[in-house]
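Engineer: Return a 3D structure for these sequence lines:
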Amino acid sequence: MKSFKMLCLILSIIIMVSCNDKPIFNETHIKYQKNESLDSFATKIKDHYKLPGIAIALINKNEITDVVVKGKNKTINGTNLHLNSKFQIGSCGKAFTSFLVATLIEQGFIKWNTKLCDIFKDINIHPDLKNVTLKQLLSHTSGIREFSSDKEVFAVHKIIPEIEGNTTQKRKIFTKWNLEQEPFYPVGEYHYSNAGYIIIASMLEEIFGMSYENLMKKNVFDPLNLKTAEFGYPFIKDDSQPYRHMFRDENNIGITIKENKRTPDEIFNPAGFISLSINDFAKFILVNKKLLNNEKTQFNKHVFKEMFKPVIAIENGNEIALGWQIIYVNGIKTFGHTGTDKTIRAAMSINPKTDQAVVFATNIGDEISEIALVNVILELLHL
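Structural biologist: Numbering: from 1, shown residues only. Next up is the predicted model:
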């Protein structure tokens, strides 16, 4: 649930074992050879970075051209992953929330500049927050507190003890608590905020009298035929699904988190707790790539293209859009996002220059998996 890690990370980072200062893996960048199969490349990535499981889909022009899933759902006594395995994609889900907002704008219910004060008539909104818009919430420029750190996410009930009821009710209480306070940051500044996405969901729930989750299913999952998409961690209900790994043992093997630890409250679903197969993930990105390229889809491109327009510049000359981030890699403008809760890692990236896109997921969320992610994107998108 943290912000997008820049694709121009230095790939020579060496993860060190503090006790002996020796590298725990060979930091060699893995090349995607000409005419090499994606299956072969994915195997090399999984083995080199010792990932429990890996899923990659490659999009070329108007179709998903290759999908690969390798490895196990957990490192000890694991079962083989497969094409229908559901990977948790973390903050990549923010693009889904932005897409949901766009569908409702297309239907005429709201606008990108709909304000907090237009929706919450029963909240005593702080004067500096009344005119904050959906666009500002989506671009992390609302001034709202982040709720992105572990201490905030996993202790939200200690910070706001009043949170209780069903998920919609809890989101409304969370929203009220945040909006009645002075902005945590100056409105208009960029500060990555999961809280902003919870508030967006509460706005939609206030308008439609329907949960964010049901709105997402009705307006995004079903129209795009994303049959595997759901919220939360699938392994909790189905032990064949990918388990999570946060740390590694002395042999650099991921340690499976077997219990339901580090499971946030469902109020955080809009900020990044969608799980789905890698193929369905790719289907979602393919539609977005077409909209970005002004190609024909079932959606109004004039509404949806707003998602990709930069709102504010951040470090290294990169930019923030609406649920998407614009990253310049070796002078090439790419669109994407990453997601992690430190136990999983996922990414999506579009390279308009080559008209390609890639999605990536793994069931370990440490720094080594981040380097693997960057390696995959740089190679497959020819960056």
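Engineer: Skipping adjacent residues, who's closest to residue 233 in space?
Structural biologist: Spatial nearest neighbour of residue 233, chain neighbours left out: residue 88 (5.9 Å); criterion: CB to CB, 6 or more residues apart in numbering. Bear in mind the C-beta positions are built from the backbone N, C-alpha and C, glycine included.
Engineer: Tell me, how many residues neighbour residue 253?
Structural biologist: By the measure other CB atoms under 10 Å, the count of residues near residue 253 is 14.
Engineer: How confident is the prediction for it, by pLDDT?
Structural biologist: The model reports residue 253 with a pLDDT of 96.
Engineer: so who does the closest residue to it other than its chain neighbours touch?
Structural biologist: Using CB to CB, 6+ apart and skipping the chain neighbours, the partner closest in space to residue 253 is residue 75 (5.4 Å). Taking CB atoms under 8 Å, 6 or more residues apart in numbering, we find residue 75 in contact with 52, 245, 253-256.
Engineer: Just the buried ones from those residues?
Structural biologist: When those are checked for burial by 16 or more other CB atoms under 10 Å, the buried set is 52, 245, 254-256.
Engineer: So which of those residues sit within strands?
Structural biologist: Among the buried ones among the contacts of residue 75, the members falling in strands (DSSP state E) are 245, 254-256.
Engineer: who are the neighbours in contact with the residue nearest the centre of the chain?
Structural biologist: Nearest residue to the geometric centre of the chain (CA atoms, centre = their mean): residue 92, 1.6 Å. By CB under 8 Å, 6+ apart, the contact set of residue 92 is 272, 274, 281, 337-339, 346-348.
Engineer: Recalculate using a threshold of 10 Å.
Structural biologist: Taking CB atoms under 10 Å, 6 or more residues apart in numbering, we find residue 92 in contact with 4, 272, 274, 281, 284-285, 323-324, 336-340, 345-348, 359-361.
Engineer: And what about it, helix, strand or coil?
Structural biologist: Recorded secondary structure, residue 92: helix (DSSP: H, G, I helix; E, B strand; the rest coil).
Engineer: same thing with residue 291?
Structural biologist: Following three-state DSSP, residue 291 is assigned to helix.
Engineer: Touching, it and residue 95? I think so.
Structural biologist: No - counting by CB atoms under 10 Å, residue 291 does not reach residue 95; the two are 11.4 Å apart.
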